[in-house]
Structures are given as structure tokens and as C-alpha cells.
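Novice: My questions are about this predicted structure, shown below with the sequence.
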Amino acid sequence: MIGGILILRNNYYWRLDYFGMQWDYLKTEVAFFDYSNNGLVNGIFFKKRTNPYLASNPQTAKSVPILLYHGVIKDPNWQPDEVNVRYDDFREHMFALKKAGWQTVTLEDYLAFSRGEKQLPEKSFLLTFDDGRSDSFYPVDPILKVLDYNASMYIITNRLFSEIGEQGHFHLSKTEFEKMFESGRWQLASHGRDDHDLITINPNGEKGHFLSNKKWKEEEKRLETDQEYRTRIYEDFLNSKNDIEKKLGVRVFSFAYPFGDIGRTTENFPESRGEVLDEARNVYDLSFCQTASGDFPTNYPEKAFLAKRISVSSFLSAKDLLYILEHIEDKRIPYEDNFSQNDGWKVGWGKLEMKNNSMMISNTKEDEIGQAFLLGTYPWKDYFTKAKIKIMKNGKISLGARYKDGNNYMSCDFSEDNVTLTQKINLEIKSEVTVSLKTNLQSGREAEIGALVKGDEMSCFLDGKAVVSGPIEKNLDSGGISFRIWNPIERDVSLVVKDFKVLEAVPVVENAVKKIK
């Protein structure tokens, strides 16, 4: 008898976790029927069982957002943090997405879409979880089953593959991963082997991220060489892939960077960003990092190896999540905004307010600059944009065009005494040309600023007149609109924007005062 009890105790189907999932499934069925029909009574007596928002969408997706979750916490005493999410909040996120017509896609679907090889239905999204945690699987799987959703789990392989043991373990076991995969609702991928562990990065014993830093070799009193660094991270990429493929018998072709770090937090090796991506590309077909504050939160079919994920926690409500996903859908030219409400402006840094038919952008104690960009404009190519602006508190202002993210854009920069056309690519300012011009913007006067991008040329406008023009590199063949204000000396800055318009591009005017040859 004792032997039988021990056998049952270690059997996946006799664990309390498993029975809890079956009970959660039944409760979720009832809860979703209640949610989708605005009440049980209304659903039973006045609604059909099949709702119209579950029907397939004939439109195709222009871009695909990717959501990232970690733990889904049921403990009622848990206090929200920026990583995990309450169970009730996660369930509401998924219910709201389903009701709004959003459907999950597989990693294979997304990879083919990113390469331009496959079209996906409008409102397609990829659902991902990091770390291979028990509290990402047991609370989530019943919800996926009810909604006919699928998800991908990114596994840290040096913390896994123990035999199934006591209940309440933090990471999932080999047996549990096998059951996940067998369900058909989960795909498995790599989150590295040792690269969640910090390494020593200098002779003082300070620690840093595994992928973005060179390792200090104490026995030789030196940092590892470039080649030693590349070999170390390549082997981690390869070993984590092999761990999963050999032990679970599944194909692994995607990788999620621990901490979303692709070189952003380096302490001793600034070149790590390029090296990390190159070595990961040698092993995987696709990789994921988290969106930075100035990034468009969706992914286009650009044959990009690196995809960006929206990190979701309990601080993001279902309403706010839907707002983001609804506004990433492409906007069309001509376009205008009187700022009666927020039509998709996203804060990159600082603070954003809509008030009195205007948009106010300002800095905060945490951010030296204020910046906002318009969702749904990433694929724009040729256009003329203009707006009325007023500096409320001293600062320099920029109107960005062909804006891809905070490190890749063209901009018209206006100060009190000059106008500068700036081109920034991969963190580096590629070109700048400045025209001396008394703008009188610091006086608080209302002015109209504008930018024209057409083909490989951009022009900056002030009060309807072209001021400076120059060429655009092919890296910036498309991109959206942004506004920015900053002051290198005084941190208290704010900008008001009104009457924003975007028109089809017209021929570049011939009265540009200065042109880069």
C-alpha cells in the first residue's frame, strides 16, 4: 500500500496541481461565458452560444504584437510588482482580448510572417512566458484551453529537468514540460542555460549580466578576450538549445534574452550589442527582447531576427492593454489630430497630457526629456507633417520623422538661435547640419513647425518656410512621427502641441536655405 501511495504521489495525474487545473478549467468556462455575455442569465436566455467576435477575421495583419508574462499569482496577499501579474488580472486580460477578436498564433506562424512568407489574420498576437515557472503553467493552461489560445514557454535549462518532486516547486520539471507540449497548447523555447547568473566583471568583484559583459578571469587577472567572450556566449546559446531538444525531443528555433538584455546594460564591453545578436543568430532563427520606452510595441514583416515584446504586469489593466493593441494598427495618410482625446500617442520619456484640444509633453524627475510618438505610423514613408507648438518652459524641441525607435530617426531640432537637421542610426548621430536662425521660440510665441520626407530627402520647416534639407540613409526608409523637448541645463521643460496634420508628400521645395551634398 505504501509503495502504491508513493507511486501515485509521483504520478503527474495524481498531483493536487493537476486536479486543481481541472477545477480551474470548469470555473473558467463559466466565468468566460458570464464575461462574454454580460451575465449568466443574459447569456443563457438571450444570447447564442457562439458569439460573433469569435468568427475568423477576413482582414490580414499588418503587424503582430507579442505579449510577455512571467508568474501568474493566485496568492491573495501578493503585492503587485513590475514582473508578475495577478491571476484575476491575467484572466481578464485574456478574456478582453478574446472578446475583442484577438487570436494567438504559433512561433512558426510568426516566423513566417516576419519573413514575409505568410499572411496572418488581423488581430493576431503571440503569447509568451519566461523562465519555465510552475505559476506560469498551472494557472494559465485552463484559460488557454477555454479560449482556444496557445502560448510559448522560454526555459532556463540549468534550473530544470529534475525528476518530478514535491508540489509547490518554482520551476517546472521534465515531466511537466512533456505534458505541456503534449497538450498542443504550448511550445517550448530557450531562455538560456547559465545566462541568468551574474558574472564577475572587474577585479573589485562587481557583478554584471552574463551576455552583455566580458568576464573577469581572476586567476589570470584580466578580462576575457573578444574571442573568449564570443565563445562563451555562443556555447550558452547552443547548449540551452541542445538541452531542450535532446531531453524533450522538440525543435527549438527561438531565444528570449534574459532581462531583455541585448547589450543595453553593459558595464565593460560596449560592443556587446552587436556581438550578442551575431552569436544568437548563429544558433537561432528568431530572438526576443522587451520593448524599450521609445519603441513601437509591435512587429512588422521586415525579415528581422530580433522581435520586441510588450512586458505585461498587474500595473497594466485589460482596458489599457486593449488600448495599446488597438492603436498599434496602421494609421492612414492624410491624418489629423486635434487632441480631443489620445488617439495613440505613447510616452517615450517624461509625461504626456491631453488638455484643451492640445497635447502637453514635459519631463519628470526621473526623465530629463519629454518625448511622445504616434502609434500606427511606423510603416509611413513619404509625407509632410506640421503642427502648431508653444514652449511653455524653456527647452529645445524636436519634430521627428521616419522615427523607428529612440535610436533610429530623423529630426528637425529647433532652438532659440538655430535649426538643425539630425540623423541618428543605431545610437550614433550619422549627420547634423545647422542653420543659424533667430526662431524666437523661447519667447513663448506660437509657431508652426513641419517636416517633409520624400524618398531619400528630408526638409525642416518653420512657419511654412523650408529652412534646411538633407539626404536620408536607406536604414530610415520608413518611420513615424515624434515630438521631444529637453534642456541640457534646466530640467523643468514642457511643450504644447496643437493642430497636428500629416499630408501626402509634395515635391521638395527649392527654397531650402542649406542642403547637405
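Specialist: Alright, I've got the coordinates. Numbering: from 1, shown residues only.
Novice: can you map out the strands along the stretch 201-350 of the chain?
Specialist: Along the stretch 201-350 of the chain, counting by DSSP state E, counting those that start in this stretch, strands occupy 207-208, 216-217, 222-223, 254-256, 286-290, 306-311, 335-337, 345-349.
Novice: Span of stretch 130-141 from start to end?
Specialist: Stretch 130-141 has an end-to-end distance of 15 Å (criterion: CA to CA, to the nearest Å).
Novice: ah, wrong one, I meant stretch 440-458
Specialist: 23 Å.
Novice: What's the mean pLDDT across it?
Specialist: For stretch 440-458, the mean pLDDT works out to 94.
Novice: any idea how far that stretch is from the chain center?
Specialist: 29 Å (CA atoms, centre = their mean, to the nearest Å).
Novice: Could you do stretch 303-323 as well?
Specialist: Using CA atoms, centre = their mean, the offset of stretch 303-323 from its chain centre is 6 Å.
Novice: Also stretch 493-507?
Specialist: Distance of stretch 493-507 from the chain centroid (CA atoms, centre = their mean) equals 26 Å.
Novice: so where's this structure uncertain?
Specialist: 1-14, 39-57, 161-168, 507-517 (pLDDT under 70).
Novice: State the helix or strand in which the closest residue to residue 91 other than its chain neighbours lies.
Specialist: Nearest residue to residue 91, sequence neighbours excluded (CB to CB, 6 or more residues apart in numbering): residue 143, at 5.8 Å. Any C-beta I mention is one placed from the backbone N, CA and C, and that applies to glycine too. Using DSSP states H and E, residue 143 sits within helix 141-147.
Novice: can you pull the buried residues of that helix?
Specialist: Buried residues in helix 141-147, counting neighbours by 16 or more other CB atoms under 10 Å, are found at 141-147.
Novice: what's next to that helix, contact-wise?
Specialist: 21-22, 24-25, 27-29, 32, 90-91, 94-95, 98, 149-151, 180, 183, 185-186 (CB atoms under 8 Å, 6 or more residues apart in numbering).
Novice: just the buried members of those?
Specialist: Neighbour counting over the contacts of helix 141-147 (16+ other CB under 10 Å) leaves 21, 24, 28, 32, 90-91, 94-95, 98, 149-151, 180, 185-186 as the buried ones.
Novice: Next step: those restricted to helices.
Specialist: Among the buried ones among the contacts of helix 141-147, DSSP state H puts 21, 24, 28, 32, 90-91, 94-95, 98, 180 in helices.
Novice: which one of the residues you listed is nearest residue 294?
Specialist: Ranked by distance to residue 294 (CB to CB), these are led by residue 90 at 26.7 Å.
Novice: Test my guess that that closest one contacts residue 135.
Specialist: No: counting by CB atoms under 8 Å, residue 90 stays clear of residue 135, with 10.4 Å between them.
Novice: so what sits against both of these two?
Specialist: Residues touching both residue 90 and residue 135 by CB under 8 Å, 6+ apart: residue 72.
Novice: how close does residue 298 get to residue 370?
Specialist: Shown here: residue 298 relative to residue 370, a distance of 23 Å by CB to CB, to the nearest Å.
Novice: okay, the helix of greatest length in the chain in CSV with CA atoms only?
Specialist: The single longest helix within the chain, with elements called by DSSP H, is helix 226-248. Extracted in CSV, the C-alpha atoms of helix 226-248 (Å, rounded to 0.1, in the frame of the first residue of the first chain):
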residue,chain,number,x,y,z
ASP,A,226,36.9,39.2,-27.6
GLN,A,227,37.1,35.7,-28.9
GLU,A,228,36.7,34.2,-25.4
TYR,A,229,33.6,36.3,-24.9
ARG,A,230,32.1,35.2,-28.2
THR,A,231,32.9,31.6,-27.5
ARG,A,232,31.3,31.7,-24.0
ILE,A,233,28.0,33.3,-25.1
TYR,A,234,27.8,31.1,-28.3
GLU,A,235,28.2,28.0,-26.2
ASP,A,236,25.5,29.1,-23.8
PHE,A,237,23.1,29.7,-26.8
LEU,A,238,23.9,26.3,-28.3
ASN,A,239,23.9,24.3,-25.1
SER,A,240,20.5,25.6,-24.0
LYS,A,241,19.0,24.7,-27.4
ASN,A,242,20.6,21.2,-27.2
ASP,A,243,19.3,20.7,-23.6
ILE,A,244,15.7,21.2,-24.7
GLU,A,245,15.9,19.3,-28.0
LYS,A,246,17.7,16.3,-26.6
LYS,A,247,15.7,15.9,-23.3
LEU,A,248,12.3,16.8,-24.6
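Novice: I'd like to know which elements that helix is packed against.
Specialist: helix 174-182, strand 186-190, strand 254-256, helix 272-281 (3 or more CB pairs under 8 Å, 6 or more residues apart in numbering; DSSP states H and E).
Novice: Distance to residue 504 added to these, as JSON lines?
Specialist: Output for the helices and strands packed on helix 226-248, formatted as JSON lines (distance: least, CB to CB, whole Å):
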{"stretch": "helix 174-182", "distance to residue 504": "50"}
{"stretch": "strand 186-190", "distance to residue 504": "43"}
{"stretch": "strand 254-256", "distance to residue 504": "39"}
{"stretch": "helix 272-281", "distance to residue 504": "36"}
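Novice: Residue 37 is nearest to which of these?
Specialist: Taking CB to CB, strand 186-190 is the member of the helices and strands packed on helix 226-248 nearest to residue 37, at 28.4 Å.
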